[in-house]
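Participant: Predicted model, plus sequence, below.
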Protein chains: 2
Amino acid sequence: MASAEKVNVAQKLSLFDEHWSPKVVGELNGQHIKLVKLLGEFVWHHHDDEDELFLVVEGRFRMEFRDREVWLEEGEFIVVPRGVEHRPVAEEEACVLLFEPASTLNTGNVKGEMTVAELDRI
Amino acid sequence: MASAEKVNVAQKLSLFDEHWSPKVVGELNGQHIKLVKLLGEFVWHHHDDEDELFLVVEGRFRMEFRDREVWLEEGEFIVVPRGVEHRPVAEEEACVLLFEPASTLNTGNVKGEMTVAELDRI
């Protein structure tokens, strides 16, 4: 589903409150554009076949890797390459835009209570 | 080239002044993240095989289609589906983030003086 309707990111963020539950807001070339709200610590995981982009829309969070961490502020993005273990941590709520293949599961190789199997589109 | 270094969008925008000359600032899953500054009217064109996302980072512009136009403000994006003729127009400078396949030529099916064949990475 590609569409020529515009999307207002702030308006879409106003439609949900849950944390760690990505919402699909666009799709192109087999990739999804998602919005997600972060709060607290996610689970350590990696994606075998998918690189994943995180762009901070509101707030800040840190991306933990096994050997270092990177703080991301509003207007900053990071690409986490496939195969690289990572864990996002947000001490206060952060709103993030994700760009990743439509096949991507939020917890990657780890299935658990934070896994979201059915994606909502908003 | 996927990387786990973060990118600050505003800092990257400070590195160039040209209009209609997209700069690659990230890559993942065969897709490019580009930044471009718009001013004036681009050329009518379409992309045969690529959907293209435009996210406004600063300013505003309008996307013209053959049958309508869509104004895009800061924090808004639009996906232009493959095959759909479009022309971006910016009456004042606008800064835009693009997501599109690494193969995408800026002027799509139309080759001319606005075509950028060699992409800069910044």
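Facilitator: Structure's in. What do you need? Numbers count the residues shown, from 1 in each chain, chains lettered A, B, ... in the order given.

Participant: where does A:A10 land in three-state SS?
Facilitator: Three-state call for A:A10 (DSSP: H, G, I helix; E, B strand; the rest coil): helix.

Participant: need the contact list for the residue lying closest to it once chain neighbours are set aside.
Facilitator: Excluding its sequence neighbours, the residue lying closest to A:A10 (CB to CB, 6 or more residues apart in numbering or on different chains) is B:G75, at 5.6 Å. All C-beta atoms are positioned from the backbone trio N, CA, C, and that covers glycine. Applying CB atoms under 8 Å, 6 or more residues apart in numbering or on different chains to B:G75 gives the contacts A:8-10, A:57, B:56.

Participant: For those residues, give me TSV that also has neighbour count and pLDDT.
Facilitator: Shown next, in TSV, are the contacts of B:G75 (neighbours: other CB atoms under 10 Å in any protein chain shown; pLDDT from 0 to 100):
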residue	neighbour count	pLDDT
A:N8	15	98
A:V9	21	98
A:A10	13	98
A:V57	18	97
B:V56	23	98
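
Participant: Now distance to B:E93 too, for those, in JSON lines please.
Facilitator: Output for the contacts of B:G75, formatted as JSON lines (distance: CB to CB, whole Å):
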{"residue": "A:N8", "distance to B:E93": "21"}
{"residue": "A:V9", "distance to B:E93": "21"}
{"residue": "A:A10", "distance to B:E93": "22"}
{"residue": "A:V57", "distance to B:E93": "22"}
{"residue": "B:V56", "distance to B:E93": "12"}
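
Participant: which one among those residues gets closest to B:L28?
Facilitator: Nearest to B:L28, judged by CB to CB, of the contacts of B:G75 is A:V57 at 18.0 Å.

Participant: What distance do you get for the closest one to chain B?
Facilitator: 8 Å (CB to the nearest CB, to the nearest Å).

Participant: Pretty sure that residue sits against A:E76.
Facilitator: No: between A:V57 and A:E76 there is no contact under CB atoms under 8 Å: 10.5 Å.

Participant: So what touches the helix or strand of chain A with the lowest mean pLDDT?
Facilitator: Ranking every helix and strand in chain A by mean pLDDT, DSSP states H and E puts strand A:120-121 at the bottom, with a mean of 89. Contact with strand A:120-121 is made by A:16, A:21, A:23-25, as judged by CB under 8 Å, 6+ apart.

Participant: Quick check: the farthest pair among those residues?
Facilitator: The largest separation in those, counting by CB to CB, is between A:S21 and A:V25 at 13.0 Å.

Participant: Look at these two and report which has more neighbours.
Facilitator: Counted by other CB atoms under 10 Å in any protein chain shown, A:S21 and A:V25 do not tie: A:V25 has more neighbours, with 23 against 16.

Participant: Show me the shaky parts of chain A.
Facilitator: Across chain A, the ranges flagged by pLDDT under 70 are A:1-3.

Participant: which stretches of it form helices?
Facilitator: Assigned by DSSP state H, chain A shows helices spanning A:9-13.

Participant: For it, what lies in contact range of chain B?
Facilitator: Selection of chain A residues close to chain B by CB under 8 Å from any CB of the partner chain yields A:2-10, A:26-29, A:31, A:33, A:50-53, A:57, A:63, A:65, A:70, A:72-73, A:75-82, A:84, A:99-101.

Participant: re the thing from before, and of the contacts of B:G75, the nearest to B:L105?
Facilitator: The closest of these, once distances to B:L105 are taken by CB to CB, is B:V56, at 21.8 Å.
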